[in-house]
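Visitor: using only what follows, build the 3D model:
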Amino acid sequence: MTIKGFEKKDFETFYIEGLEDRMNAIQQRIQPKFKEIGNELTEHLAVATGHEMFLHIAKHARRSVNPPNDTWLAIANNKRGYKKHPHFQLGLFDDHLFIWLAFIYELPGKDKIAGRFLNKIESLQELPDSFVVSMDHMKKDAFPIMELSEDHLEGVRDVKKAEFLIGKHIAKEDAIQLDGNALVKEVKQTFDQLIPFYLEATQSL
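Guide: Numbers count the residues shown, from 1 in each chain. Modelled structure (predicted):
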């Protein structure tokens, strides 16, 4: 089966004005690719983690006025939802793809996970230099993994609304050069390097 990668037009979806028009473009251009790519990734993660995994595609259902600035698929060990669970993400803003292992603010037990990661901070810092960290899933900003400090993880532990996402960004210009199979390979390799931290997190819950 030939998997389709992302094109320039997919990223330009986020230049479309208006909630309805942008959502229509997301549903028509991007979500079919998410389903195809996501099924492949979900199967891979189920085997690699030993957990039953489920694909979720962001619906942006809470939005009534402002159109989304990004969109994503999420893969979690829960059929009903992903936000309250450690999960993997693949998504895009207008200028980059993101590949994350995500612990967002809805996750109960985030403090325990951060505590375990504080004890493993050297292992996190030993991830390849291409890895980045975000402290807010709604923002584009991310910083290099080598800059991760105990202060960051203490914030995740102690602040209820704090978040922790770790993975990679792929610039739009690079992403559109990848065909679907090359993209899936890159995402799988990224997830594989994050799985030990996913498993560490799930042991805390």
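Visitor: all the helices of this protein, in order from the start?
Guide: Using DSSP state H, the helices of the chain run over 8-12, 19-25, 31-49, 110-118, 121-125, 150-158, 172-175, 180-202.
Visitor: include mean neighbour count and distance to residue 59 when you put the ones you listed into a markdown table, please.
Guide: Where C-beta positions appear, they are placed from N, C-alpha and C, glycine not excepted. Formatted as a markdown table, those follow (neighbours: other CB atoms under 10 Å; distance: least, CB to CB, whole Å):
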| stretch | mean neighbour count | distance to residue 59 |
| --- | --- | --- |
| helix 8-12 | 15 | 18 |
| helix 19-25 | 16 | 9 |
| helix 31-49 | 17 | 9 |
| helix 110-118 | 19 | 23 |
| helix 121-125 | 13 | 31 |
| helix 150-158 | 15 | 27 |
| helix 172-175 | 16 | 23 |
| helix 180-202 | 17 | 21 |
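Visitor: among those helices, which is nearest residue 57?
Guide: helix 31-49 (5.0 Å; CB to CB).
Visitor: pLDDT on the closest one, on average?
Guide: Per-region confidence: helix 31-49 scores 98 on mean pLDDT.
Visitor: just want the angle from it to helix 180-202.
Guide: Here the directions of helix 31-49 and helix 180-202 differ by 50 degrees (axes from the mean of the first three to the mean of the last three CA atoms, to 10 degrees).
Visitor: tell me what helix 31-49 is packed against?
Guide: strand 54-57, strand 71-76, strand 87-92, helix 180-202 (3 or more CB pairs under 8 Å, 6 or more residues apart in numbering; DSSP states H and E).
Visitor: can you list the weak-confidence ranges in this protein?
Guide: 1 (pLDDT under 70).
Visitor: what sits closest to residue 202 if chain neighbours are left out?
Guide: Closest residue to residue 202 apart from its sequence neighbours, by CB to CB, 6 or more residues apart in numbering: residue 86 at 6.1 Å.
Visitor: wait, doesn't that neighbour sit right on residue 198?
Guide: Yes. In this structure, residue 86 is within contact of residue 198 by CB atoms under 8 Å, at 5.7 Å.
Visitor: which residue is nearest the centroid of the chain?
Guide: residue 89 (2.5 Å; CA atoms, centre = their mean).
Visitor: bridging residues for it?
Guide: For residue 89, the beta-bridge partners under DSSP bridges are residue 74, residue 100.
Visitor: renumber starting at 514 from here on
Guide: In the new count, where the first residue is 514, that last one comes out as residue 602.
Visitor: all set now, cheers.
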